[in-house]
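> The sequence and its predicted three-dimensional model are supplied below.
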Amino acid sequence: MKRRHTAPLNALRTFEAAARHLSFSGAAQELFVTPAAVSHQIKHLETYLGTALFQRNHRAVALTQEGQALADTVGDLLGQLDVALDRAMSGASADLRVTTMESFAAKWLAPRLHRFHRIRPDVRVHVVTSDKHVDFVKEGFDVGIRYGAGGYAAVSCEALMDAQAFPVCAPSLLSNDSPPLACPEDLRHHTLLHDESSRGRPGVPSWHHWLNIAGARDVDARRGPVFASIYLAQEAAIAGHGVAMGVAPLVEEDLRQGRLVRPFEPISENAYRFWLVRQAGRKGDATVEAFCAWLHEEAGASTS
């Protein structure tokens with residue numbers, strides 16, 4: 001059996017921070033040490049390895065070829081180490097870190113999560129919302145749910161749910177005190193609520209696309225405010241500020257609770273769907289597998 005290297009772990013952590021920031025000062029701020037201490041640790045590691053890891057310029061540093069290769073590997077390994085230590089320190093409770101978009105967390109996952117806790121009270125789920133793609137290893141995430149076209153690089157992904165779209169509004173907009181909403185053409189008298197997810201993305205439902213399907217030729221699809229997320233557009237609809245294009249899984253609970261209604265039947269198919277994303281090649285974690293199986297079960301119940 002090959003003897004393990006007695007690697008200088010503190011120097012490796014310092015190197016990883018400096019390589020990520022491409023700055024000794026940035027690494028020092030992150031690690032709460034002085035830039036001189038960072039420089040000392042980098043020199044110690046370079047001496048240990050017998051090679052230069054950085055090119056020192058007057059006001060900046062750059063990774064050498066050897067430094068870049070080491071940074072790519074060390075970042076992944078330290079991320080795995082941090083996750084393993086967090087789990088070891090959690091005792092009897094297993095931590096599960098989930099990354100997803102704000103709309104999905106608020107409108108689909110949060111209303112159902114108590115059911116997973118009921119069957120797995122030993123698992124503590126941490127939900128972090130972000131629209132950005134994450135590094136599962138470095139950021140310590142176990143599961144991601146994303147809304148998009150799929151085909152994500154360097155991860156394992158599988159389809160979770162389709163995402164058909166249709167207009168939704170508050171019940172108050174169907175009252176006698178509001179302009180009529182008896183047919184799609186009546187939308188010309190109402191505010192259309194938009195979200196950024198459909199802008200410039202072929203096949204993703206927009207008001208222009210839905211109005212064509214519904215045959216409403218006299219409605220200006222460009223009218224109305226644009227929100228940064230589906231969640232915000234949907235909340236504006238619940239407040240009675242207009243009619244939004246609802247994505248089926250995200251409006252399901254609000255329709256069931258009566259906070260939203262569907263004024264019209266036509267549906268837009270969607271080139272985007274919801275995807276279950278995991279670290280590529282990672283298998284056998286019983287907690288992750290249980291949570292993913294539960295997600296699929298809940299998704300099946302949503303679409304049935």
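Yes, it's here. Numbers count the residues shown, from 1 in each chain.

> Quick one: the helices in the protein, in order.
Along the chain, counting by DSSP state H, helices occupy 9-21, 24-31, 35-49, 65-89, 102-104, 113-119, 136-139, 207-214, 230-238, 248-257, 286-303.

> Of those helices, flag the one that's most buried.
Across the helices of the chain, averaging neighbours per residue (mean count of other C-beta atoms under 10 Å) puts helix 230-238 on top, at a mean of 22. From N, CA and C alone the C-beta is placed, and that goes for glycine too.

> Could you find the closest non-adjacent residue to the residue nearest in space to the middle of the chain?
Centroid-nearest residue in the chain, with C-alpha atoms, centre = their mean: Thr100, separated by 3.2 Å. Using C-beta to C-beta, 6 or more residues apart in numbering and skipping the chain neighbours, the partner closest in space to Thr100 is Ile145 (4.1 Å).

> in the stretch 151-300 of the chain, what spans have low per-residue confidence?
281-284 (pLDDT under 70).

> Now do stretch 8-20: distance to the chain's middle.
28 Å (C-alpha atoms, centre = their mean, to the nearest Å).

> thinking again about what came up before, pretty sure the residue nearest to the centre of the chain is touching Arg146, no?
Yes. Contact status for Thr100 versus Arg146: in contact at 7.2 Å, counting by C-beta atoms under 8 Å.

> ok so, going back, contact partners for the residue nearest to the centre of the chain?
109, 127-130, 144-146 (C-beta atoms under 8 Å, 6 or more residues apart in numbering).

> Would you mind checking which of the residues you listed is nearest to Pro225?
Thr129 (21.9 Å; C-beta to C-beta).

> Might one say that the closest one is in contact with Ala105?
Yes. Assessed by C-beta under 8 Å, Thr129 is found in contact with Ala105 at 5.0 Å.

> Could you measure from the closest residue to Ser197 other than its chain neighbours over to Asp195?
Closest residue to Ser197 apart from its sequence neighbours, by C-beta to C-beta, 6+ apart: Ile230 at 5.7 Å. Counting by C-beta to C-beta, to the nearest Å, the gap from Ile230 to Asp195 is 5 Å.

> for Thr34, same thing?
47 Å.

> These two - which one has more neighbours?
Neighbours per residue, other C-beta atoms under 10 Å: of Thr34 and Asp195, the larger number sits with Asp195, 22 against 12.

> rewinding a little: common neighbours of Ile230 and Asp195, please.
In contact with both Ile230 and Asp195: no residue, using C-beta under 8 Å, 6+ apart.
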